[in-house]
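J.: pasting a predicted model and its sequence here:
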Amino acid sequence: MDIDVSSSESIIFSIFIIFTSAAALATIALFSRQALLVAYITVGILLGPSVFNFVPDTEFSQQIAQVGIMFLLFLLGLNLHPQKLITSIKQSTLITISTCLVFAMIGFFAAWLLGLSRIDQVVIAGAFMFSSTIIGLKLLPTTVLHHQHVGEIIISILLLQDILAIVLLLLIETKGPGVNTLHSLAKLAIALPSLIAFAFLFERFILIKLMSRFDKIKEYIFLLAIGWCLGVAELAHYIGLSHETGAFIAGVAIAVGPISFYISESLKPIRDFFLVIFFFSLGASLDLTLAWELLLPATLTCLVLLFIKPMLFKYLIHKSGESIEDSAEIGTRLGQLSEFSLLLGFVAFSAGLISLKASNFIQVCTIISFILSTYLIVLKYPTPIAISDKLRRD
């Protein structure tokens, strides 16, 4: 077997420089009280074709990044215990649906003002519906009783938003150039229930027995979980669904298992490894010339969003029975766009569904909202990285 030495050396160098640079910028980000996602995207911008061109071929990083997306959705599904999911839906459906519709209208209007096509407007509207799970939870203290309650409300809203994002990803699969939408929907109507049935039956009669039999051999459970995630993802792809959908279903299928928490915790480092590359690839794919042209409208859009989002959440959550102080805090913590916004834009652009301008607009708006929202949170509320010692909480 012939080995392309130059190619392997290029991959090794790319991984080396991505993670070394990410570590350096992550240090700066922590000192400046910024979310690490911003550092990873910045690394992509700096090392990618638009600036220093240290990693000119971003195709390999995009392929590796897809694995990170699969693990992200697998772990998301793993935390969606059906009973917990039903409770969350009952608690926050009205709030989540109402806010998502308003935020979608803001995105749609902003895209219309930019003169983008109708499909660009629709996808951007979808991308604007969500708040960041990573920022929302990473900046939330967990050792204070008050924030345990605040966290429960935030998680219930984010869970429903994540489910809506999954639905939008499924809809994107039925669109695109040369795709027969009706045929795709019919195929989806057959393939999706079939995959769900297979996953739950396989988990109940085979997977759970293997896990119970060898639960003390952690290495085996670790390998079994990875194999299950990637196996169902590949099966989903084979029957016409996306890898991401398969990974999500694989996670939900074992969410009720006795060692789901262990699997979730043990796979987080692998997820984070691949997600660094995912956010790097997003930054590397950003067209700086176009991004610069979009900077002013994106900034103005984010300022409007960061004003309306917290106010609307505050009003609706307070109406649901929470105190005005808790409602205001929850609204501020959910004021940004989401990593799912980036993912929707990434998938839609990869499928040829939206223009480069629309894709860049989503990325620029998301990055700006991450930066502004993080500063608002750490300046005003307790977080693990608060600027004030009085506000710093683990």
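T.: Nice, I can see it. Numbers count the residues shown, from 1 in each chain.

J.: please make it C-alpha for all contacts and neighbour counts, starting now.
T.: Noted.

J.: can you give me how far stretch 202-212 is from the chain middle?
T.: 29 Å (Cα atoms, centre = their mean, to the nearest Å).

J.: likewise stretch 286-302?
T.: Here stretch 286-302 is found 21 Å from its chain centre; the criterion is Cα atoms, centre = their mean.

J.: next one: stretch 97-104
T.: 18 Å.

J.: phi first, then psi, for Thr383.
T.: Torsion angles at Thr383 (phi, psi; degrees, to the nearest 10) stand at phi -150, psi 160.

J.: what sits opposite it in the beta ladder?
T.: Arg392 (DSSP bridges).

J.: burial count for it?
T.: Neighbours of Thr383 under the rule other Cα atoms under 10 Å: 24.

J.: if I look at it, how far off is Ser156?
T.: According to Cα to Cα, to the nearest Å, Thr383 and Ser156 sit 20 Å apart.

J.: same check, this time on Ala110
T.: Distance from Ala110 to Ser156, counting by Cα to Cα: 28 Å.

J.: and stretch 236-254, C-alpha only, in PDB?
T.: Once non-C-alpha atoms are left out, stretch 236-254 reads as follows in PDB (Å, rounded to 0.1, in the frame of the first residue of the first chain):
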ATOM      1  CA  ALA A 236     -28.900   7.100   8.400                       C
ATOM      2  CA  HIS A 237     -26.800   8.300   5.500                       C
ATOM      3  CA  TYR A 238     -27.200   5.000   3.700                       C
ATOM      4  CA  ILE A 239     -31.100   5.200   3.800                       C
ATOM      5  CA  GLY A 240     -31.100   8.900   2.600                       C
ATOM      6  CA  LEU A 241     -30.900  10.800   5.900                       C
ATOM      7  CA  SER A 242     -28.000  12.800   7.200                       C
ATOM      8  CA  HIS A 243     -25.200  11.600   9.400                       C
ATOM      9  CA  GLU A 244     -26.200  14.200  12.000                       C
ATOM     10  CA  THR A 245     -29.800  13.000  12.200                       C
ATOM     11  CA  GLY A 246     -28.600   9.400  12.700                       C
ATOM     12  CA  ALA A 247     -26.200  10.500  15.500                       C
ATOM     13  CA  PHE A 248     -29.000  12.400  17.300                       C
ATOM     14  CA  ILE A 249     -31.400   9.400  17.100                       C
ATOM     15  CA  ALA A 250     -28.600   7.100  18.400                       C
ATOM     16  CA  GLY A 251     -28.200   9.400  21.400                       C
ATOM     17  CA  VAL A 252     -31.900   9.600  22.200                       C
ATOM     18  CA  ALA A 253     -32.200   5.800  22.000                       C
ATOM     19  CA  ILE A 254     -29.800   5.200  24.900                       C
END
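
J.: which elements pack onto the strand or helix carrying Thr289?
T.: For Thr289, the element it lies in under DSSP states H and E is helix 288-319. Applying 3 or more Cα pairs under 8 Å, 6 or more residues apart in numbering; DSSP states H and E, one finds that helix 288-319 contacts helix 82-113, helix 324-333, helix 356-380.
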